[in-house]
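> With the input below, show me the fold.
(one chain, ligands or ions: 2)
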Amino acid sequence: MSLDDVSAVSDARDSGVFHDRESSAFHLLLREQVRHEFTASQQYIAIAVYFDGADLPQLAARFYAQADEERGHAMMMIQYLLDNDLEVRVPGVDDVVNAFGSVREPVELALRQEKKVTEQITTLARTARDTGDYLGEQFMQWFLAEQIEEVASMTTLLTIVDRAGENLFHIEDFIAREMTSESRGGGNAPRAAGGLA
Ligand SMILES: [Fe+2]
Ligand SMILES: [Fe+2]
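Ligands and ions are numbered 1, 2, ... in the order given. Coordinates of the predicted model:
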């Protein structure tokens, strides 16, 4: 946590923004993560639209679905804040990339994004543990497992893109055969605000 974050917490406390429990380092990071997840969702929509425009419907469908999942993650975090009677603000999103020079580029970007999110989720879990926030630590477990899955499947997709070379039908064919029935969340997924995840 940076010095700015620390003073943001004390400012918020002084102004009485947080009505009940004090806002911890973990809660500050979690609010930040809500924005990261919404941004990831928006980035995946941009990637899906790029593939849709390039007449690659399987790749497009894959990223439209992934965008929904990221939105679901944000909504799970919002539900956690609601459940714990903590301040919730729905954030805007950061800029996303819309222009790509090849089919590989967006997949590469997606893999980079998933690796970055894995670092963020790990920091959240570590912060919860270090501050004795057992509820927060337990909440992050599902996201850690989810990140392993998402990095793995994006790595596979990048490998397939590289292997396919010029023949984009190979990629479409692979996704249609191997990647359509992937599980979404599993039974122990946290509840999402609004009921969708
Ligand atoms: Fe996510
Ligand atoms: Fe993700």
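
> Which strand or helix spans the residue of the chain found nearest ligand 1?
Ranked by CB to the ion, the top residue of the chain for proximity to ligand 1 is H73, at 3.7 Å. All C-beta atoms are positioned from the backbone trio N, CA, C, and that covers glycine. Using DSSP states H and E, the element containing H73 is helix 57-83.

> Same question for V49.
Here V49 is assigned to helix 25-53, by DSSP H and E.

> buried set for that helix?
Neighbour-count burial for helix 25-53 flags 25-48, 50-51 (criterion: 16 or more other CB atoms under 10 Å).

> Stretch 135-142 too?
G136, E137, F139, M140, W142.

> for ligand 1, what are the nearby residues on the chain?
E37, E70, H73 (CB under 5 Å from the ion).

> Give me the pLDDT value at E178.
Listed pLDDT for E178 reads 89.

> Against E166, how distant is it?
E178 sits at a distance of 21 Å from E166 (criterion: CB to CB, to the nearest Å).

> If you count surrounding residues, which of these two has more?
E178 (13 against 6; other CB atoms under 10 Å).

> Provide the secondary structure category for that one.
helix (DSSP: H, G, I helix; E, B strand; the rest coil).

> ok, now A189?
coil.

> my guess is it contacts M76, does it?
Yes - shown here, A189 and M76 form a contact pair, counting by CB atoms under 8 Å, at 7.2 Å.

> And those two? Which one has more around it.
Neighbour totals were compared for A189 and M76, and M76 leads with 22 against 16 (other CB under 10 Å).

> Let me see the contact set for the more buried one.
Shown in contact with M76 (CB atoms under 8 Å, 6 or more residues apart in numbering): A189, P190, R191, A192, A193, A197.

> For those residues, which two are the farthest from each other?
A189 and A193 (13.1 Å; CB to CB).

> V96: what secondary structure?
From three-state DSSP, the assignment for V96 is coil.

> can you list the weak-confidence ranges in this protein?
1-22, 180-187, 196-197 (pLDDT under 70).

> residue closest to the middle of it?
Centrality entry for the chain: nearest residue to the mean C-alpha point is E37, 3.8 Å, by CA atoms, centre = their mean.

> Hmm, that one is touching R71, no?
Yes - using CB under 8 Å, E37 makes contact with R71 at a distance of 7.3 Å.

> Now find how far off-centre stretch 70-81 is within its chain.
10 Å (CA atoms, centre = their mean, to the nearest Å).

> How far off centre is stretch 72-85?
13 Å.

> And that stretch, what's buried?
So stretch 72-85, judged by 16+ other CB under 10 Å, has buried residues G72, H73, A74, M75, M76, M77, I78, Q79, Y80, L81.

> Let me have these in JSON lines, extended by distance to V88.
What follows is the buried residues of stretch 72-85, written out as JSON lines (distance: CB to CB, whole Å):
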{"residue": "G72", "distance to V88": "16"}
{"residue": "H73", "distance to V88": "15"}
{"residue": "A74", "distance to V88": "11"}
{"residue": "M75", "distance to V88": "11"}
{"residue": "M76", "distance to V88": "12"}
{"residue": "M77", "distance to V88": "9"}
{"residue": "I78", "distance to V88": "6"}
{"residue": "Q79", "distance to V88": "9"}
{"residue": "Y80", "distance to V88": "9"}
{"residue": "L81", "distance to V88": "4"}
